[in-house]
Each structure stands twice: as structure tokens, then as C-alpha cells.
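1. Sequence and computational prediction follow.
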Amino acid sequence: MKLGAFDLNLLLVFEAILREQSVTKAAERLSLSQPAMSHALNRLRWLLKDQLFVRTPTGMMPTPRAEQLALPVRRALEELQLALEPETFTPSTAERRFTIAVNNYAAVVLAAPIVAQCSVLAPLIRLSLRPSGTLNLPDLLDRGELDLVISAVDAPAERFASQLLVEDRYVAVMRHGHPAVDRALDLATFADLPRLVISSSGEDVRFIDEALASLEKARSVILETPYLSAGTVLGRQIAQEFRRSYRIEIKELPFESPQLRSIMLWHRRFDDQPAHRWLRQTVASAATAPTPDAPDDSRKD
């Protein structure tokens, strides 16, 4: 097939159906009517001599031929889009959308300063923050559906780049007025405290079990709760954010804890793209900016 005889707009149709797994949603994405989208898909099927997509109860599933075409078509469209981007990026007048996946830590500690700084510097920019816990992050970065990921995971492959944003440590968190607040939190005292487990954090807290094992103790868990609740062991900056809204107390742990790292991850193909470079610089600046002091521990009832 000669490229000159091929309607390149059909590649946009192919990629939209591949992404949305729905002719209707793909039509909405490209601002086409459903009959126009169906007609374009039929032309594409005729030109490529393949069904390309098969209707199933879960959506339009690609055939082996469509799967073979998926990556080169996406790369070609992305390269073309990048080539058409302006050589400079003016945040004060730019109108575009950035999608960032964030883990629980980043959602609590970093989301607000990032949104605030972007709003000041680029008022017409739209940010979409997505929870990262159930996402296939490498795949979404490859497909261009995510601009950035902020999590504890470093670059999983050479095609990705990363930058450390925040390093933090765990602290103990207690309710205001807890009997242990005014006592030294040594290892024996910590071992005897009943604890709450944050069921959705996914963090490795085996270091607590290892510390307690020296006393032949185990964690006494009395409750499991979602992340946005008060817990007994949290990152310091998360605890400080919670203390702005809830009556909690923060104490140093009586044993060494591993570092909590918040890392920004992106696809290397965007390294030199002006808008993406601005976004990374803005996120890094927001992450390292000083935060207001947390409320004083000595506040009265």
C-alpha cells in the first residue's frame, strides 16, 4: 500500500478506538458523529483487509493485526504531535491538560502545592490527578495517557526518567489526649500500644515487626481502615498535613525507620518537550517549597 493513497486521518480513528474500546466514545473523543466514525472504521477495515476490532461484552477488542499496528501507530502520532508543538511554551496563556498519577503520599502531601503553583503560573492549564494504586503505570506512560507519575517507584526501564522529589521518615501518630502522649515513647511502650492498620497504603512496614521482634512482641492491630484516617505510623509530612485538620499528636519512633521517597517519573520521549519540561520543573518546585508550620502541639481544648 502506498502511503500517498492512505487517508492518514484513519490512523486517528484507529488510535481512538484502540484507546476507548468503544466506537461511540472514540467518536466523542474526535468530535465526530457515530455514523461518521463507523464509516471511517469500515474504510480502515477495507484498506487493511482485517476486522481490526471485534465487538465483545467488554468493548471493542483488537484483533492480532490491530495489536501489531498499535505501538507503531501510537508512536507515529505522538512524534507528529510533538513535531507540531511550538518550540516555546508560555504558561500564562497556554491551554492544555496534564494528567498525573499520584500515590497516597503524593495525594496528601504534594497535590495541593502542585495545583496551587500551576494555577498561579498557568491559569488556563487543567490538571487531572489520578490515583495510581490500580493503574498499569508503564503502559499508560507508554501510551501517553499519563504525563507524570508521582510515587515511591523509581524508573522501571530505560525508556523512563525519574527525579527524586521528597525524602521523609515515619513518625508515630496518636489521638489528642492519648495516655502515651506525655510518656517517653521507648520500644517497650510502643510494643504495647494497640495499633491501627491503613489497609490501602500498600507500604512495606515490616521494619516495625523487625523492631518488635527484639522484644519477642508482635503488632497488636485493633482496626483496619482506609488511608485517609488517623494511623499509628505515617510519613512525617502526611502526619503534619493531617494535624492541620485533626487533633492528633506526632512523636518520634523509638527505632530507625526506612526513608519514604516520593519520585517523579516520566517517559524520556518528553525530555525536551517545552510544555512537559515546564510541568516537571513546576512539580519539582512545588514539592520542595517550604510549607506553612503545622499547628502547635500545645494548643488548648
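-> Here it is on my side, so go on. Numbers count the residues shown, from 1 in each chain.

2. hey, let's count contacts and neighbours off CA atoms from now on
-> Fine.

3. Quick one: list the elements packing against the longest strand belonging to the chain.
-> When the chain is parsed with DSSP state E, its longest strand is strand 160-175. Secondary-structure packing of strand 160-175 (3 or more CA pairs under 8 Å, 6 or more residues apart in numbering; DSSP states H and E): strand 233-235, helix 236-243, strand 248-251, strand 259-267, helix 274-288.

4. quick one: contacts of it?
-> By CA atoms under 8 Å, 6 or more residues apart in numbering, the residues outside strand 160-175 that reach it are 154-155, 181, 230-237, 239, 247-253, 257-268, 284, 287-288.

5. Tabulate the CA atom coordinates of the helix or strand following it in CSV.
-> With elements assigned by DSSP states H and E, the helix or strand that comes after strand 160-175 is helix 187-192. Extracted C-alpha coordinates of helix 187-192, given in CSV (Å, rounded to 0.1, in the frame of the first residue of the first chain):
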residue,chain,number,x,y,z
LEU,A,187,10.4,0.5,72.3
ALA,A,188,8.7,-1.4,75.1
THR,A,189,5.9,1.3,75.3
PHE,A,190,5.5,1.3,71.6
ALA,A,191,5.2,-2.5,71.6
ASP,A,192,2.3,-2.4,74.0
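
6. which regions of the stretch 51-200 of the chain sit below the pLDDT cut-off?
-> 194-200 (pLDDT under 70).

7. at 50 instead, please
-> Scanning the stretch 51-200 of the chain with the threshold set as pLDDT under 50 gives 199-200.

8. returning to that earlier point: with respect to residue 95, which of the helices and strands packed on strand 160-175 lies nearest?
-> With CA to CA as the criterion, residue 95 lies closest to helix 274-288 of the helices and strands packed on strand 160-175, at 10.6 Å.

9. buried set for the closest one?
-> Neighbour-count burial for helix 274-288 flags 274, 275, 276, 278, 279, 280, 282, 283, 284, 286, 287 (criterion: 16 or more other CA atoms under 10 Å).

10. Isn't residue 277 up against residue 268?
-> No: look at residue 277 against residue 268 with CA atoms under 8 Å: they stay out of range, at 10.9 Å.

11. For residue 169, list each beta-bridge partner.
-> Partner residues in beta bridges with residue 169, using DSSP bridges, are residue 259.

12. Now, of the contacts of strand 160-175, which are buried?
-> 154-155, 181, 230-237, 239, 247-253, 257, 260-267, 284, 287.
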